[in-house]
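**Q** here is a sequence together with a model predicted from it:
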Amino acid sequence: PDFWVVLPAAGVGARMQADRPKQYLLWGERTLIEHTLACFLDQPGLRGLVVSLSADDGWWPTLPCAQDTRITRAVGGRERADSVLNGLIALGELGAADDDWVLVHDAARPNLADSDLHKLLNTLADDPVGGLLAVPVRDTLKQIGPDGRVTSTPDRSLFWQAYTPQMFRLGPLQRALAEALAAGARITDEASAMEWVGQAPLLVEGRADNLKITRPEDLEWLRQRER
Ligand code: C5P
């Protein structure tokens with residue numbers, strides 16, 4: 001199906017301990033965000049793409065892709081969900097319809113495989129709700145009490161890690177995010193906003209190497225790989 005993309009890229013990346021927001025760190029010759037953009041820009045179904053950036057982001061204008069007419073800049077918010085909501089509003093202004101598909105993808109996740117993107121799009125094309133790429137947890141999970149001692153070991157076969165892209169229809173996602181944020185819910189991904197309004201997103205198993213670059217060692221791992 002045809003789709004729109006929102007890339008939240010307004011985080012400060014404190015855990016990366018770098019001199020710039022993490023999406024501007026280099027992987028080979030290009031920045032992480034340029035690699036992320038390339039995952040989408042060559043797709044025939046792409047209708048348009050919005051990048052949500054901090055108002056004071058001076059790095060973006062230095063990139064060649066800042067001149068790309070397929071990309072629109074939106075202003076980021078305090079939390080990731082605020083940045084996504086601003087991006088969705090910008091899509092509406094670009095002419096996206098209420099029931100158009102939107103893929104929300106972390107700017108800091110530059111290693112998305114084409115096969116994963118197509119698997120997500122094809123699996124959800126006729127889905128009433130939408131869903132997300134996810135990976136089964138690989139380690140045993142522990143629940144702890146306030147004293148740091150283990151209280152239980154849940155059945156790990158029931159737990160998955162939420163990756164991106166997350167794919168929902170523009171109107172339903174925008175309304176779910178607005179409602180959840182207004183209620184003060186803890187929203188760390190798009191699916192959790194949909195869950196807040198009573199929907200059940202579908203998990204689509206993706207590749208574990210579609211990693212969000214969060215800590216310095218993630219970047220070291222990435223730099224050892226070819227793109
Ligand atoms: O901090 P974290 O790695 O979870 O951020 C995930 C993505 O969300 C990053 O691409 C980051 O730039 C973005 N983000 C945002 N606005 C915020 C916080 C994070 O767009 N206020």
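**A** Perfect, thanks for sending it.
**Q** shaky segments in the protein?
**A** Scanning the chain for pLDDT under 70 picks out nothing.
**Q** go through it and flag its longest helix.
**A** In the chain, with assignment by DSSP state H, the single longest helix is helix 80-94.
**Q** list the buried ones in that helix?
**A** For helix 80-94, the neighbour count (16 or more other CB atoms under 10 Å) marks 80, 81, 82, 83, 84, 85, 86, 87, 88, 90, 91 as buried. Where C-beta positions appear, they are placed from N, C-alpha and C, glycine not excepted.
**Q** ditto for stretch 183-190
**A** Buried residues in stretch 183-190, counted by 16+ other CB under 10 Å: 185, 187, 189, 190.
**Q** beta-bridge partners for residue 49, please?
**A** For residue 49, the beta-bridge partners are residue 5, residue 71 (DSSP bridges).
**Q** residue 225 contacts residue 111, correct?
**A** Yes: in this structure, residue 225 is within contact of residue 111 by CB atoms under 8 Å, at 7.3 Å.
**Q** the more surrounded of these two?
**A** residue 111 (20 against 10; other CB atoms under 10 Å).
**Q** that one against residue 222, yeah?
**A** Yes: at 6.6 Å, residue 111 counts as touching residue 222 under the criterion of CB under 8 Å.
**Q** what sits in contact with each of these two?
**A** residue 211 (CB atoms under 8 Å, 6 or more residues apart in numbering).
**Q** circling back to that earlier point, what strands flank the next helix or strand after the longest helix of the chain, and is each parallel or antiparallel?
**A** Counting by DSSP states H and E, the next helix or strand C-terminal to helix 80-94 is strand 101-104. Strand pairing for strand 101-104, using DSSP bridges, gives strand 3-8 (parallel), strand 160-169 (antiparallel).
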